[in-house]
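S.K.: have a look at this fold, sequence not included:
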């Protein structure tokens, strides 16, 4: 009888231990942040732009959409030919957007089409090594009948990838250092990585000039004269969660 009781107690104890372990495992699955530490890392790197982007807008009006588009195409073609004659490559002249839409007259109190507008946005790309050509590009655009929208210092895709990798790597290292310091202050150590997230790579072109109303070629050239592409700051942030032990 006593032997049967002992066997029963052993079975019950085993079931309880198994249940406790299963509960602990299940609890950890549904709540993976239990017994964890979070590190929020940031990093800033210096970047030197390698491109200058000159942005033009071409807007034409006519009584029909076909005529508006044709007038627009003539100006764009004139602009492209002028730039190519100055040594630019076709791939450095990019169409960003083209649209034809109706222009309405509301004076009669009703919606009445009075004509059509064709709008064309063009980006001309220069290497910063050839930034002395900005003036020639501006003159070519204005002479052809295009308007200046804005001028930026920019990073090529190759440099964006380079700086993105560098900034995110440094931010991740910062996140781990902070998590380790917190754990150490609590008498613990960081264990395996649970999860990681990032706000990615914060890069925006650096504006050299932007028109406010009617822009002239002289205004744009004056704003971009003797400006060198100095170092600019680019930031990234990473949040990492680690187990602690």
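M.R.: Arrived safely, thanks for sending. What you see is a predicted model; the values in this text were computed from it and never measured.
S.K.: other residues contacting the host helix or strand of residue 142?
M.R.: Here residue 142 sits within helix 134-144, counting by DSSP states H and E. Here helix 134-144 makes contact (C-beta atoms under 8 Å, 6 or more residues apart in numbering) with 52, 54, 56, 75-76, 78-79, 82-83, 86, 88, 122, 124, 126, 147-148, 151, 216-217, 220-221, 224-225. All C-beta atoms are positioned from the backbone trio N, CA, C, and that covers glycine.
S.K.: can you map out the strands along the chain?
M.R.: Listed in chain order, the strands of the chain (DSSP state E) span 36-47, 51-62, 93-105, 112-127, 147-154, 190-202, 206-210, 232-244.
S.K.: dump those strands into a markdown table; add mean neighbour count, distance to residue 134 and mean pLDDT as well.
M.R.: Formatted as a markdown table, the strands of the chain follow (neighbours: other C-beta atoms under 10 Å; distance: least, C-beta to C-beta, whole Å; pLDDT from 0 to 100):
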| stretch | mean neighbour count | distance to residue 134 | mean pLDDT |
| --- | --- | --- | --- |
| strand 36-47 | 18 | 20 | 94 |
| strand 51-62 | 20 | 6 | 95 |
| strand 93-105 | 13 | 14 | 93 |
| strand 112-127 | 17 | 7 | 94 |
| strand 147-154 | 20 | 7 | 92 |
| strand 190-202 | 14 | 26 | 87 |
| strand 206-210 | 16 | 9 | 88 |
| strand 232-244 | 19 | 18 | 92 |
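S.K.: who's residue 123 bridged to?
M.R.: With DSSP bridges applied, residue 123 shows beta-bridge pairing to residue 55, residue 94.
S.K.: where's it relative to residue 53, distance?
M.R.: Remark: distance between residue 123 and residue 53 (C-beta to C-beta, to the nearest Å) = 6 Å.
S.K.: same question for residue 66.
M.R.: 31 Å.
S.K.: ok, residue 188 next?
M.R.: The value you get for residue 188 to residue 53, if C-beta to C-beta is used, is 50 Å.
S.K.: and if you look at residue 191?
M.R.: Distance from residue 191 to residue 53, by C-beta to C-beta: 47 Å.
S.K.: cool, and residue 235?
M.R.: Taken as C-beta to C-beta, the span from residue 235 to residue 53 is 22 Å.
S.K.: what of residue 199?
M.R.: Distance from residue 199 to residue 53, by C-beta to C-beta: 25 Å.
S.K.: what's the span of stretch 83-92, first residue to last?
M.R.: 10 Å (C-alpha to C-alpha, to the nearest Å).
S.K.: who's in contact with that stretch?
M.R.: Here stretch 83-92 makes contact (C-beta under 8 Å, 6+ apart) with 80, 93, 124-126, 133, 136-137, 140.
S.K.: can we see that at 10 Å?
M.R.: 51, 54, 80, 82, 93, 122-127, 130, 133, 136-137, 139-141, 144 (C-beta atoms under 10 Å, 6 or more residues apart in numbering).
S.K.: okay, buried residues for that stretch please.
M.R.: Across stretch 83-92, burial judged by 16 or more other C-beta atoms under 10 Å covers 83, 88, 92.
S.K.: which of these fall within helices?
M.R.: Mapping the buried residues of stretch 83-92 onto helices (DSSP state H) picks out residue 83.
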